[in-house]
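# with the input below, show me the fold.
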Amino acid sequence: MWWLVPFLFGSFSIYGSKQMRKQFIIFAVFLPLLLSLVVMVGCQQRVETPPTTYTNNIVKEQDLFLEIVSVTSPIGKGYIATLRAKTEPQTYCTIVVYYKSGRSKASGLYPKETDSSGNVSWSWKVGTRTTSGSWRIVVTASLGGKTASQTTYFTVY
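Numbers count the residues shown, from 1 in each chain. Sure thing, here's the model as predicted:
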């Protein structure tokens, strides 16, 4: 770094004109700083967007709980995705998958009733023309006037 001193302070004319020193300072000092900042920002964006593969959030609304146990993520286009949830036995449950184009119309996404243990699952085919990205899934459970809703995301690549 000692060799930068004449360029930065202009004490030696043997190293060129003031214009050359300015250009050197821009390329030797500021350009690497700018590049490192761009790399740091790029890394932060990648860290902020990991998909939620499994959630263990339990929502209690009016004493009805709903837990999304798992969702297939990430998943490729054309493959079968599955979401598993748990709530009270014999509870009416719905699922809505939102893609860029809107609500999914996949055949496996119809209302279901949980089994005697409170388990419910849905499987559907991710369309071959589905846009890649992270997409929202909303599950709602209803039992005797009580409702609970849970949201998660899955990633299509």
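# any idea what Thr82 is bridged to?
Counting by DSSP bridges, Thr82 is bridged to Ser123.
# revised request: answer the last question for Ile95.
Here Ile95, judged by DSSP bridges, has bridge partners Val139.
# surely it touches Leu83?
Yes: counting by C-beta atoms under 8 Å, Ile95 does reach Leu83; the two are 6.5 Å apart. Bear in mind the C-beta positions are built from the backbone N, C-alpha and C, glycine included.
# joint contacts of these two?
Contact with both Ile95 and Leu83 is made by residues Trp122, Ile137, Val139, according to C-beta atoms under 8 Å, 6 or more residues apart in numbering.
# could you dump these to TSV with pLDDT and distance to Gln19?
Formatted as TSV, the shared contacts of Ile95 and Leu83 follow (pLDDT from 0 to 100; distance: C-beta to C-beta, whole Å):
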residue	pLDDT	distance to Gln19
Trp122	98	68
Ile137	98	60
Val139	98	66
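# from the residues you listed, which is closest to Ser104?
If you rank these by distance to Ser104 using C-beta to C-beta, Ile137 comes first, at 9.2 Å.
# show me the strands in the protein, by range?
Applying DSSP state E to the chain gives strands spanning 58-61, 64-71, 80-86, 92-99, 102-103, 112-113, 119-125, 133-143, 146-156.
# the fourth one packs against which elements?
Yep, that's strand 92-99 we're talking about. strand 112-113, strand 119-125, strand 133-143 (3 or more C-beta pairs under 8 Å, 6 or more residues apart in numbering; DSSP states H and E).
# repeat for the third one
Strand 80-86 sits against strand 64-71, strand 119-125, strand 133-143, strand 146-156, with contacts defined as 3+ C-beta pairs under 8 Å, 6+ apart.
# low-confidence ranges, the protein, go.
Confidence mapping of the chain against pLDDT under 70 gives the ranges 1-17, 20-62.
# could you rerun that using 90?
1-63 (pLDDT under 90).
# where do the domain boundaries of it fall?
2-48, 58-156 (automatic domain parsing).
# next, count neighbours for the residue nearest to Ser149 when sequence neighbours are not counted.
Of all residues not flanking Ser149 in the chain, Thr140 sits nearest, at 4.6 Å (C-beta to C-beta, 6 or more residues apart in numbering). Neighbourhood size, Thr140 [other C-beta atoms under 10 Å]: 18.
# relative to Trp124, how far out is Thr140?
Going from Thr140 to Trp124 by C-beta to C-beta, to the nearest Å gives 17 Å.
# thanks a lot, catch you later.
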